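K.L.:
Coordinates for the following, if possible.
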Amino acid sequence: MTQVRGVIFDIDGTLVDSNDAHAHAWVEAMAEQGYQVPFEKVRPLIGMGGDKVLPETLGIAKDSEVGKRISQRRKEIFKQRYLPHLKAFPGAMELLERMHEQGLKLIIATSAEPDELQNLLQVIGPHASELFADEVSAQEAKHSKPDPDVIAAAVQRSGCSPQELVMIGDTAYDIEAAAKVNIKTIAFRCGGWSDKDLAGAIMIYDGPADLLAHYDTSVLVKGI
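P.N.:
Next up, the predicted model:
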């Protein structure tokens, strides 16, 4: 058994109930540019960054002119229409506090932009950001999940070996990205993915509160 020393966290769909909101923001931003894309096509892509969502849905690059317009509007729509109504999943703050008290190093690895990330942390709690030792966001990685860029950067900043780290996320993209740098994943169902989709995880919990309830028997205490 290897003792876990650090945890790499996804945020959207893992600690904050925001996946549907992100999908709606993309759909509305695309519609403003004349592209009618069903919510059902966009929703399974949430967890990737804009560098993946736009090529997957419209076949255009994020850094193209129309891609830039859509990405900017998505950001504005999300902040104005959806962010004020977002809530953290039950137990999110308490789980972070428990891990912090245990002495685990907590690192964020997200496809969100830096300013968006700070807003999401405020949704979790006014002092949530203080519990994280470091954060890696979309601007610091060339490619978003399921490419491993953000996870690899988080590993480097953690000062831990991959064997001493666990990823906590809610999508198959988190699991795939972590596996590419030899990190095992604890998955949460609260992001809307099925157990079949999350089959690559070492453990699956309903969400933060469920992991907190089973904390003492989890790999975070027992080791991997």
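K.L.:
domain assignment for this protein?
P.N.:
Here the domain parsing of the chain from automatic domain parsing is 6-17+86-222, 19-85.
K.L.:
With mean pLDDT and mean neighbour count added, can I get the ones you listed in CSV?
P.N.:
C-beta coordinates here come from the backbone N, C-alpha and C atoms, glycine included. What follows is the domains of the chain, written out as CSV (pLDDT from 0 to 100; neighbours: other Cβ atoms under 10 Å):
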stretch, mean pLDDT, mean neighbour count
domain 6-17+86-222, 97, 20
domain 19-85, 96, 17
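K.L.:
what secondary structure does the residue of the chain positioned farthest from its centre sit in?
P.N.:
For the chain, the residue at maximal distance from the C-alpha centroid (Cα atoms, centre = their mean) is residue 34, at 28.8 Å. Residue 34 carries the three-state label coil when classified by DSSP: H, G, I helix; E, B strand; the rest coil.
K.L.:
That one and residue 73, how far apart?
P.N.:
12 Å (Cβ to Cβ, to the nearest Å).
K.L.:
residues in contact with the closest residue to residue 182 other than its chain neighbours?
P.N.:
Computed as Cβ to Cβ, 6 or more residues apart in numbering, the closest residue to residue 182 that is not its neighbour in sequence is residue 162, at 4.3 Å. Going by Cβ atoms under 8 Å, 6 or more residues apart in numbering, residue 162 touches 155, 181, 182, 183.
K.L.:
so of those residues, which ones are in helices?
P.N.:
Counting by DSSP state H, those place residue 155 in helices.
K.L.:
Nearest to residue 54 among the contacts of residue 162?
P.N.:
residue 181 (25.3 Å; Cβ to Cβ).
K.L.:
Correct me if wrong: that closest one contacts residue 155.
P.N.:
Yes: with contact defined as Cβ atoms under 8 Å, residue 181 reaches residue 155; the gap is 5.9 Å.
K.L.:
what sits against residue 144?
P.N.:
Contacts of residue 144 (Cβ under 8 Å, 6+ apart): 48, 49, 50, 51, 52, 111, 138, 150.
K.L.:
Can you show me the helices along this protein?
P.N.:
With DSSP H as the criterion, the chain has helices spanning 19-32, 39-42, 50-58, 65-77, 92-102, 114-124, 149-158, 172-179, 208-213, 219-222.
K.L.:
between those, which gets nearest to residue 131?
P.N.:
helix 92-102 (4.7 Å).
K.L.:
burial count for residue 1?
P.N.:
7 (other Cβ atoms under 10 Å).
K.L.:
36 is where my numbering starts, stick with that
P.N.:
Got it, first residue is 36 now, which makes that one residue 36.
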